[in-house]
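> Have a look at this prediction, sequence included:
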Amino acid sequence: MAPSARFTEDFAYEVLSVVGEIPEGTVATYGQIARLIGRDKNSRLVARVLSHASDYGDFPCHRVVNHAGRLVPGWPEQAFLLRQEGVELKDAMHVDLRKYQWEC
């Protein structure tokens, strides 16, 4: 069972180190990032860290979507940034995970 986590500096840097590894033209999900750092149950906390990512530096947070490939509501720049990297959207708010999900 994965240990529970809190929003700590160490947790934030664990999350952001994985986000920094997501290749251009691909996306990862919050849950995928949580699994990669050994915190399977903490996908919501991953999302919370990403909402504060600018406090820690410049990370490609636009490459992270939810489990259904949905973009962040209220962040229209995310779609623009993904399109700039060659990621086509299925509709205005969703990435095709079968085509663009990072295989790590």
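Sure, I can see it.

> and after the helix ranked longest in the chain, which helix or strand comes next?
Looking across the chain with DSSP state H, the single longest helix is helix 9-19. Downstream of helix 9-19, the next assigned helix or strand under DSSP states H and E is strand 28-29.

> Counting by contacts, list what that next one packs against.
If you count contacts as 3 or more Cβ pairs under 8 Å, 6 or more residues apart in numbering; DSSP states H and E, strand 28-29 packs onto strand 64-65. All C-beta spots, glycine's among them, are computed from the backbone N, C-alpha and C.

> List the strands paired with the strand it packs on, with their directions.
strand 28-29 (parallel) (DSSP bridges).

> And the residue most central in space within the chain, what's its pLDDT?
Centroid check for the chain by Cα atoms, centre = their mean gives V64 as the closest residue, at 2.3 Å. V64 carries a pLDDT score of 98 in this model.

> I'd like the average pLDDT over the longest helix of the chain.
The average pLDDT within helix 9-19 is 95.

> That one: which residues count as buried?
Using 16 or more other Cβ atoms under 10 Å as the test for burial, helix 9-19 gives 11-12, 14-16, 18-19.

> Likewise for stretch 74-82?
78-79, 82.

> any chance of the residues you listed in CSV, plus secondary structure, distance to A53 and pLDDT?
What follows is the buried residues of stretch 74-82, written out as CSV (DSSP: H, G, I helix; E, B strand; the rest coil; distance: Cβ to Cβ, whole Å; pLDDT from 0 to 100):
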residue, secondary structure, distance to A53, pLDDT
Q78, helix, 13, 97
A79, helix, 18, 97
L82, helix, 16, 98
